[in-house]
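Participant: Give the three-dimensional model of this entry:
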Amino acid sequence: QVQLVESGGRLVQAGGSLRLSCAASGPTFSTYAMSWFRQAPAKEREFVAAISGIGGSTAYADSVKGRFTISRDNAKNTVYLQMNSLKPEDTAVYYCAADRLWGRIVGMDYWGKGTLVTVSS
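Facilitator: Below is the predicted model:
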C-alpha cells in the first residue's frame, strides 16, 4: 500500500510560480512511475505530467509543456511539480498518482487527496 500526500497548493497571481510536492509512504517508491493530474471546477480530471521510477523519462501535457517541470527525489520519497508562468486556466485541484507501469494514465494504482492551486488574473 502506498499513501500519497500532496502539499504546496495556494493562491498565486498569474505569471507567478509554485512548487507542489507529493510525499509517498513505503520503501518501494522508486519502483513507481509518478504522475500529476489536475481537475478544474466542472471539468474532467486531466493528465499533467509524469516521471518514470528512476527519473529517466518524463512526459507532459501540451498545455503545460515548457512551463511545468516534474522531478523526483527517491531518497526523500517525494515527487515535485514546478509550475512557472502560471495562468488562470491552471486553477485546479492537483493530484499525485503512483503506478507500477510507466505510461499508464488511467486506472492508476494509488492517488493522493489533492492540493488546490488557484491562479488569479
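Participant: Pairing partners for the residue most central in space within the chain in the sheet, please.
Facilitator: The residue lying closest to the centre of the chain (Cα atoms, centre = their mean) is W36, at 2.5 Å. Beta-bridge pairing of W36 under DSSP bridges involves A49, C96.
Participant: What pLDDT is listed against it?
Facilitator: pLDDT, W36: 98.
Participant: Could I get the contacting residues of it?
Facilitator: L20, C22, V48, A49, A50, I70, V79, L81, Y94, Y95, C96, A97 (Cβ atoms under 8 Å, 6 or more residues apart in numbering). Where you see a C-beta, it was placed from the backbone N, CA and C, and this is true even at glycine.
Participant: and the closest residue to the second one other than its chain neighbours, how many neighbours?
Facilitator: Meaning C22. Excluding the flanking residues, the one nearest C22 by Cβ to Cβ, 6 or more residues apart in numbering is C96, at 3.4 Å. The local packing of C96 (other Cβ atoms under 10 Å) involves 28 other residues.
Participant: G26 - that's part of a helix, no?
Facilitator: No. Under the criterion used here (DSSP: H, G, I helix; E, B strand; the rest coil), G26 is coil, not part of a helix.
Participant: For the closest residue to it other than its chain neighbours, list the residues it contacts.
Facilitator: Nearest non-adjacent residue to G26, counting by Cβ to Cβ, 6+ apart: V2, 5.0 Å away. Residues near V2 by Cβ under 8 Å, 6+ apart: A24, S25, G26, T28, F29, Y32, A98, D109, Y110.
Participant: All set now, cheers.
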